[in-house]
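K.L.:
Next comes the sequence, and after it the predicted model I'd like to discuss.
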Amino acid sequence: MVQTIILFAIISVVVPIIGSFLSLLLKKLPTVRDFFSVSTIAVSAIMSILIFGTYKGETTYLLNWMNWGDNKSGIFLDSLSVLMVLIVSILSMLIAFFSIEYMKEDKHKARYWFFMQMFVGGMLLLVLAHDMVFLFLGWEIVGLCSCFLIGHYFMKKGEAGEKPAKSGIKALIMTGIGDVGLLAFLAWIYYENKKLGLSNPLLIDTTTPLGGTYPIVMSILLLLAPITKSAQFPLQSWLSAGDTVDIDAMQGPTTVSALIHAATMVKAGVYLVARFSPIWDNEFFYIVLMIIAGVSCVAAAFGALVTTDLKRVLAYSTISQLSYMFLAFTIREDHGTGLIPGQMHLLSHSIFKALLFLSAGAIIHSIAEERDMKKMGGLKKDLPWVYGFMMVGVLGLIGIPIITNGGYSKEMIITAAYEAAAIDGASMHWFTFIVGILVAFLTTLYAARMFLMIFHGKNRGARVHKPKYIMRIVLAILAVLVVATGFIIEGPASNFFSGDTGYSLIHVVLVPFLCAIGAIILGLGLAYLFYGKGQTEVGFVEKINVFKALRTFVANGFYIDHLYNLVFVKPVFWIGQKLSFFKTGKINWNMIFGSVVAIFIVVATLLVVMV
């Protein structure tokens, strides 16, 4: 007998996936199609609330009719998956509702709604998977849908269509690196568990640690997945490249950006580490993750401080905040366990980043798709309601204590790092603590810079038309959630994971709290000094060659794409051109060679599985 809560979970996954295909049949009824597409995602949101309301502990269900050799797929509900289902479905529903107005004039909404619903269904499958087959299937659905959604405007003429097309392909290829690593890791786990005689070798069992004969190699393979999906250095450029490159995920509609950054895609990498954290205890994995996350956290914050593209500021911000979560997951000592703080920041970031991206979408929509902050200014008078809502999102991003969810969750991470280093003696987490304080300062500086450049000073030529009420309703709901969820983070939300029953509005440890507050005050002060009167540039940067060179370096995306183009892209194209003589017109030798290689891989894989 299938439990009711499992039925809710299955419905939440299946409805948007089926709805994506049904919406194609409603092409000639655009209004019906739009509201139908939103309603399928709304069903998932309702199911997520019912799941949360009826959840009483870990629940599993195996689909005995769905076998993959020795492996059986199923649904798994624990505190982490319940949290993720809530985040994914509710935020996706709000973003979809926002899309009704934002995408009103788009001529290709049928394609948009298909991939939007499939995206949500794939992400829900990923977070509810009880086995690594379902997990990988959801992982791939999310990656494929992101490619088409990022490249949504590929039908436009000229550069306006070429950039989105290249950006979608770029996202698919770069995240594909992590897909290969994850697939190899899963194959290795299957092989190791088969040797142990386990009946369901790809089952995700949070009580049974994973292991293997070459843990360092396995750790590297596993690391590739979250680093690429969550856009960590040096594989971050698919999500946010430099202003001079301009080939990245920001080429898609702003609603897609909100969905990718807040509810799906980049959160998949964070979820993967959180899911495997109790069962993959290799020290090498967490040390390397800490270093990569630390570098990404600081580098992305500097990227947000330099770029003048509104959406790219938020994209760099996402990379930096995801790094915060990864840093939290590397804290594994007794007093400073970072798993719950990391999950709480996942919750708070999802909400305030959805608010920020949709606020940016409302601004861009209001000023004829302009994204350059240098051409904005003074919009406080024309868009007072966006001004207020975006201020709430900015305060959440900065981490203002007590009044925003970001203030609670960020403080939990910094405190966990401090306690791990000072109390537990894990000296490497002084690195985590210092990075956390430094990035708290940089976050405040770039967030306040963005806000002041957009809304303060004089209007620098932007012509404004005010959007209708759908956008305002969604932004208002998110603004309320940014404030309201803060009051439950250190009480009910944390207790949902830990099993405790106590409640404290905020847990203050004096040293990290004062350091964080000091960083915020310093950041706000400098931001007002540099940009408080509507300035778009900092004068001394232009006068000092070192600062000017550093700004150019960051504005070019740290020249990461230039390096990849030189080392990988150009050689591949050169080899392709040299091999093109194999095509004679009568026999395509490339196809024959490719078929032979494919047959060899299939035969080798079957032999490994059978043995």
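P.N.:
Okay, I see it. Here the structure is a predicted model, which is why all the values come from computation and not from measurement. Numbers count the residues shown, from 1 in each chain.

K.L.:
Quote the end-to-end distance of stretch 333-344.
P.N.:
Stretch 333-344 has an end-to-end distance of 18 Å (criterion: Cα to Cα, to the nearest Å).

K.L.:
Need the contact partners of it.
P.N.:
Under the criterion Cβ atoms under 8 Å, 6 or more residues apart in numbering, residues 80, 83, 270, 274, 277-278, 324-332, 408-409, 412-413, 415-421, 423-424, 426, 429, 489, 493-494, 497-498 lie in contact with stretch 333-344. To be clear about C-beta, it is placed using only N, CA and C from the backbone, and glycine gets the same treatment.

K.L.:
rerun at 7 Å
P.N.:
With Cβ atoms under 7 Å, 6 or more residues apart in numbering as the test, stretch 333-344 has contacts from 80, 83, 274, 277, 325, 328-331, 409, 412-413, 416-417, 419-420, 423-424, 426, 429, 489, 493-494, 497-498.

K.L.:
now the strands for this structure?
P.N.:
Counting by DSSP state E, the chain has these strands, from start to end: 59-68, 71-77.

K.L.:
so which of these gets nearest V306?
P.N.:
strand 71-77 (42.5 Å; Cβ to Cβ).

K.L.:
May I have the closest one exported as PDB, CA atoms only?
P.N.:
Backbone C-alpha positions of strand 71-77 (Å, rounded to 0.1, in the frame of the first residue of the first chain) are rendered in PDB as follows:
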ATOM      1  CA  ASN A  71      18.900  -1.700  -9.000                       C
ATOM      2  CA  LYS A  72      15.400  -0.600  -8.100                       C
ATOM      3  CA  SER A  73      14.400   3.100  -8.200                       C
ATOM      4  CA  GLY A  74      12.200   4.800  -5.700                       C
ATOM      5  CA  ILE A  75      11.200   7.900  -3.700                       C
ATOM      6  CA  PHE A  76      13.000   9.000  -0.600                       C
ATOM      7  CA  LEU A  77      11.800  11.600   1.900                       C
END
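
K.L.:
so what does that strand touch, helix or strand wise?
P.N.:
Using 3 or more Cβ pairs under 7 Å, 6 or more residues apart in numbering; DSSP states H and E as the contact definition, the elements that strand 71-77 packs against are helix 4-22, strand 59-68, helix 132-150.

K.L.:
Just send the strands of the chain back as a markdown table, with mean pLDDT, distance to V480 and mean neighbour count too.
P.N.:
As requested, those are exported to a markdown table (pLDDT from 0 to 100; distance: least, Cβ to Cβ, whole Å; neighbours: other Cβ atoms under 10 Å):
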| stretch | mean pLDDT | distance to V480 | mean neighbour count |
| --- | --- | --- | --- |
| strand 59-68 | 78 | 31 | 14 |
| strand 71-77 | 86 | 27 | 22 |
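
K.L.:
Same list (those strands) but as a markdown table, adding distance to I247.
P.N.:
Converted to a markdown table, the strands of the chain look like this (distance: least, Cβ to Cβ, whole Å):
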| stretch | distance to I247 |
| --- | --- |
| strand 59-68 | 37 |
| strand 71-77 | 37 |
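
K.L.:
returning to what we had before: just name the most buried of the helices and strands packed on strand 71-77.
P.N.:
Greatest average neighbour count among the helices and strands packed on strand 71-77 goes to helix 132-150 (a mean of 23), per mean count of other Cβ atoms under 10 Å.

K.L.:
which other residues reach that one?
P.N.:
When contacts are defined by Cβ under 7 Å, 6+ apart, helix 132-150 is touched by residues 68, 71, 73, 115, 118-119, 122-123, 125-126, 129, 164, 167-169, 171-172, 175, 179, 182-183, 186, 189, 202, 204, 249, 251-252, 256, 260, 264-265, 268.

K.L.:
Ok, which of the strands of the chain comes nearest I49?
P.N.:
Shortest distance between I49 and the strands of the chain, using Cβ to Cβ, is found for strand 71-77: 14.0 Å.

K.L.:
Kindly calculate the angle that that closest one makes with strand 59-68.
P.N.:
Relative orientation of strand 71-77 versus strand 59-68 (axes from the mean of the first three to the mean of the last three Cα atoms, to 10 degrees): 160 degrees.

K.L.:
Now do strand 71-77: everything it contacts.
P.N.:
5-6, 9-10, 51, 55, 58-64, 66, 128-131, 133-134, 200-202, 204.
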